[in-house]
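Chemist: Just a sequence and a predicted model for now, questions to come.
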Amino acid sequence: MPLDFTAIDFETANSSPASACSVGLVRVRDGRAVATAGWLIQPPAGHDEFQEWNVRIHGIQPEDVRYADSWVDQFDRLCAFAGADVLVAHNAGFDVNVLRRASEATGLECPPYRSLCSLQVARKTYDLDSYRLPKAAAAAGFAEFSHHDALADARACAQIVIDAGRRAGASDVFALASALGLRVTDASPAVRERAVA
């Protein structure tokens, strides 16, 4: 099985994980980025206030998303892009939680995506003083990108896993996780509950 996955990154309007206002996606096939997509999102009602701290981080203003697709309107497009891939993100718990919470807030059923965290991958692969995305991406040969632009962040994240896979000689994301002593996690609460029980 080749090194196939989809890298994903969300930006949020506020501290609510349901407040997705931008997404970036990179499809990787056989260790190469083959498709990218990114767009703005109107955050779900009740989670749509833009807080100053978040705006300062990503620069997205309320007026920028006024005519953007809502979470409900863009959800099928996001899921179609990701397909059945393992999702890879830098601090994957955050991005998978955004996906799940925004879906819950709009009454949609989130597919049970599996995920691998590129932050954990970077910690096991590189010897750095910081594993923040810009530093880890630079170690993977992906420097000088627009941090907190969702698509740029997804590209950086993809490069970390591609580089780590090459260094580990891993045939797929599961082999990479195993080689690094990590695991591919399941985003489905029902599956997690069964695993714990």
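Modeler: Perfect, I can see it now.
Chemist: Which parts of the chain are strands?
Modeler: Secondary structure of the chain by DSSP state E: the strands cover 5-12, 20-29, 32-40, 87-89, 114-117, 185-186.
Chemist: Let me know the pLDDT of Leu176.
Modeler: pLDDT recorded at Leu176 is 98.
Chemist: so who does the residue nearest to it when sequence neighbours are not counted touch?
Modeler: By the measure of CB to CB, 6 or more residues apart in numbering, the closest residue to Leu176 outside its immediate chain neighbours is Ala170, 3.7 Å from it. In short, each C-beta sits where N, CA and C put it, glycine included. Contact partners of Ala170, counting by CB atoms under 8 Å, 6 or more residues apart in numbering, are 3, 164, 176, 179.
Chemist: Next one: the first one from Leu151, what distance?
Modeler: Right, Leu3. Note on Leu3: its distance to Leu151, by CB to CB, to the nearest Å, is 20 Å.
Chemist: re earlier: out of the strands of the chain, which comes closest to Arg56?
Modeler: Closest to Arg56 of these, according to CB to CB: strand 5-12, at 11.9 Å.
Chemist: list the helices and strands the closest one packs on?
Modeler: strand 20-29, helix 52-58, helix 71-82, strand 87-89, helix 92-105, helix 150-168 (3 or more CB pairs under 8 Å, 6 or more residues apart in numbering; DSSP states H and E).
Chemist: I'd like to know which helix or strand in the chain has the lowest mean pLDDT.
Modeler: Least confident helix or strand, the chain: helix 189-196 with a mean of 39, by mean pLDDT, DSSP states H and E.
Chemist: any low-confidence regions in the protein?
Modeler: By pLDDT under 70, the weakly predicted segments of the chain are 1, 187-197.
Chemist: circling back: Val96: which of the strands of the chain is closest?
Modeler: strand 114-117 (5.1 Å).
Chemist: In the closest one, which residues are buried?
Modeler: 114-117 (16 or more other CB atoms under 10 Å).
Chemist: Which one of those is nearest to Ala20?
Modeler: Nearest to Ala20 among those, with distances taken as CB to CB, is Ser115, at 16.0 Å.
Chemist: what's near enough to touch the closest one?
Modeler: Applying CB under 8 Å, 6+ apart to Ser115 gives the contacts 86-89, 92, 95-96, 184-187.
Chemist: how about 10 Å then?
Modeler: Contacts for Ser115 were tallied using CB atoms under 10 Å, 6 or more residues apart in numbering; they are 5, 8, 85-89, 92-93, 95-96, 99, 173, 184-187.
Chemist: Just the buried ones from those residues, in ChimeraX syntax?
Modeler: Selection command for ChimeraX covering only the buried members of the contacts of Ser115, criterion 16+ other CB under 10 Å:
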select :5,8,85,86,87,88,89,92,95,96,99,173,184,185,186,187
